[in-house]
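1. got a predicted model here, sequence first, then my questions.
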Amino acid sequence: MTTSAVSRAALREHAARLRRRPDLAEAPILSATGLWLLLGAVAEAVEEPKERAALESVLGVPATQASAAVTALLADPHLAVGAALGGWIRPDLALTAPVPGPVPVGPLPGQAALDAWARHHTRGLIDSFPVRVDERTLLLLASALVTEPRWRTRLATGRDGLLVLDGELQAVVTTESAGPVGVACPPTDDGIDVLSVIAAPEFAAEDVWRAVDEVVARRLDGTLLHGDRPSGALGDGHAWRVRTGTESFPARRAPADGAELWTGRLPAWHADARHDLTDAPGVLEAGRGLGRLFPPAALTDGLDLRCVQAATATYDADGFRAAAVTALEVRAASMAAYVERRVRRVTLTFDRPHAVVALARGGTWDGVPLFHAWVTPAGRART
């Protein structure tokens, strides 16, 4: 198996582990790959042996291979996938060593610039950055992921409001994890599969996700075909019905006599989600590794970590659109400690009309008064 194939397998296994978390098994939308890209990009920053081994176990590959895989994914992008990494550090801080790996690190901007970064790298699907920075933010790293495949043919909408998929890739697949499951995958010309998988209602989400992994494995090895079903005659199931009858078709598009026709009925849906991934496997180790890049004076009060993902997805008659921004924030644990001192305080109160002047400072404009104002506080008479 090639190095790239090993990395892709590691990505799938990481997604499976993340979905097994109780709070994520039924998440409306989640990008495990967004988190993997972020952790893999900074994996080489983790040098403490036990922490590095723990992170490599999460990533499924050695740290150097994870970093190389992220670099390769960004350097050779999929035509239908947008991916980006970003890094920012508080301008008054200097790391003892650069952040290793493919993350570009610049000065920490304001919130508006971070929001603009999220919008740009998700093609407007995510409007704001998932972390609100403040004076405790020391280092901020993020990944963005977006895809927008279009169905080859727009899906019709039935009288019941469900989308109608005629033919194409539909099947009933027998799985070890959840028994027979229904599968539907509208075709695209974008190199993206969007597989819908339905199991019987008695199966828990974690069982269904394992069944999905089985379906995906069959799709990847080329053994998932349209019309697949368990051996023997296909009868009614938990999510499908089988009927034989006579129907009328336009002569030019009439199927062969005895043909088997599949029709999928799928809901249009939209989901927005925000996930706290701070305690997700690998995040603590990555954060500690990054924390060791700071001079001791920057972390006199300790270190806090926060990892948050914002995700969105839409499935409709035209296609599938999804995006995620995953942010890892290294924060000072607390503000400086307070001490008591005896002081003399002088208070100036501007509660009468007063003057204001705005001066330019620096360069040719130094000292130039740009604006003057006479301020009359509300409710006070002019004197």
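-> Sure, I can see it.

2. check which residues of stretch 134-143 are buried.
-> Using 16 or more other CB atoms under 10 Å as the test for burial, stretch 134-143 gives 136, 137, 138, 139, 140, 141, 142, 143. The C-beta positions use only the backbone N, C-alpha and C, and glycine is treated the same way.

3. quick one: contacts of it?
-> By CB atoms under 8 Å, 6 or more residues apart in numbering, the surrounding residues in contact with stretch 134-143 are 34-35, 37-38, 41-42, 83-90, 93, 99, 103, 105, 108, 114, 117-118, 129, 131, 133, 290, 294, 298-299, 304, 325-332, 334-335.

4. quick one: low-confidence residue ranges for the stretch 1-150 of the chain.
-> Scanning the stretch 1-150 of the chain for pLDDT under 70 picks out the ranges 1-4.

5. now the helices: where do they sit in it?
-> If DSSP state H, counting those that start in this stretch is used as the criterion, the helices of the stretch 1-150 of the chain fall at 3-19, 32-41, 49-59, 63-75, 111-121.

6. hey, C-alpha coordinates of the third one in CSV?
-> Yep, that's helix 49-59 we're talking about. The C-alpha coordinates for helix 49-59 follow below in CSV (Å, rounded to 0.1, in the frame of the first residue of the first chain):
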residue,chain,number,x,y,z
PRO,A,49,7.8,10.9,23.4
LYS,A,50,4.6,9.8,25.1
GLU,A,51,2.6,12.7,23.8
ARG,A,52,3.9,12.2,20.3
ALA,A,53,3.1,8.5,20.4
ALA,A,54,-0.4,9.3,21.6
LEU,A,55,-0.9,11.8,18.8
GLU,A,56,0.5,9.4,16.2
SER,A,57,-2.0,6.8,17.4
VAL,A,58,-4.8,9.2,16.8
LEU,A,59,-3.5,10.2,13.4
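
7. what angle do it and helix 63-75 make?
-> In terms of direction (axes from the mean of the first three to the mean of the last three CA atoms, to 10 degrees), helix 49-59 departs from helix 63-75 by 40 degrees.

8. and helix 49-59, what does it pack against?
-> Where contact means 3 or more CB pairs under 8 Å, 6 or more residues apart in numbering; DSSP states H and E, helix 49-59 is packed against helix 3-19, helix 32-41, helix 63-75, helix 283-291.

9. off-centre distance for it?
-> From the chain centre to the centre of helix 49-59 is a distance of 22 Å (CA atoms, centre = their mean, to the nearest Å).

10. what comes up buried for that helix?
-> So for helix 49-59, counting by 16+ other CB under 10 Å, buried means 51, 52, 54, 55, 56, 58, 59.

11. likewise for the longest one?
-> Residues of helix 3-19 classed as buried: 7, 10, 11, 12, 13, 14, 15, 16, 17, 18, 19 (neighbour count, 16+ other CB under 10 Å).

12. and the residues you listed, which is closest to residue 262?
-> Taking CB to CB as the measure, residue 262 sits nearest to residue 12 out of those, at 27.2 Å.

13. my read: that closest one touches residue 220, true?
-> No - using CB atoms under 8 Å, residue 12 is not in contact with residue 220, being 9.0 Å away.

14. phi, psi of the one residue sitting closest to the centre of the chain?
-> Per CA atoms, centre = their mean, the C-alpha nearest to the average position across the chain is that of residue 324, at 2.8 Å. Torsion angles at residue 324 (phi, psi; degrees, to the nearest 10) stand at phi -150, psi 140.

15. burial count for the closest residue to it other than its chain neighbours?
-> The spatial neighbour of residue 324 that comes closest, neighbours along the chain excluded (CB to CB, 6 or more residues apart in numbering), is residue 31 at 3.5 Å. Using other CB atoms under 10 Å, residue 31 is surrounded by 27 other residues.

16. before we move on, back to that, reformat the buried residues of stretch 134-143 as CSV; add distance to residue 231.
-> Shown next, in CSV, are the buried residues of stretch 134-143 (distance: CB to CB, whole Å):
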residue, distance to residue 231
136, 61
137, 59
138, 60
139, 56
140, 54
141, 50
142, 49
143, 44
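
17. what about residue 36, distance to residue 134?
-> Distance, residue 36 to residue 134, by CB to CB, to the nearest Å: 27 Å.

18. likewise for residue 218?
-> For residue 218, the distance to residue 134 - CB to CB - is 48 Å.

19. which of the helices or strands spans residue 208?
-> helix 205-220 (DSSP states H and E).

20. give me the buried positions along that helix.
-> Those would be 206-216, 218-219, for helix 205-220 by 16+ other CB under 10 Å.

21. is it true that the residue nearest to residue 324 touches residue 310?
-> No - here residue 31 lies out of contact with residue 310, judged by CB under 8 Å, at a distance of 9.7 Å.
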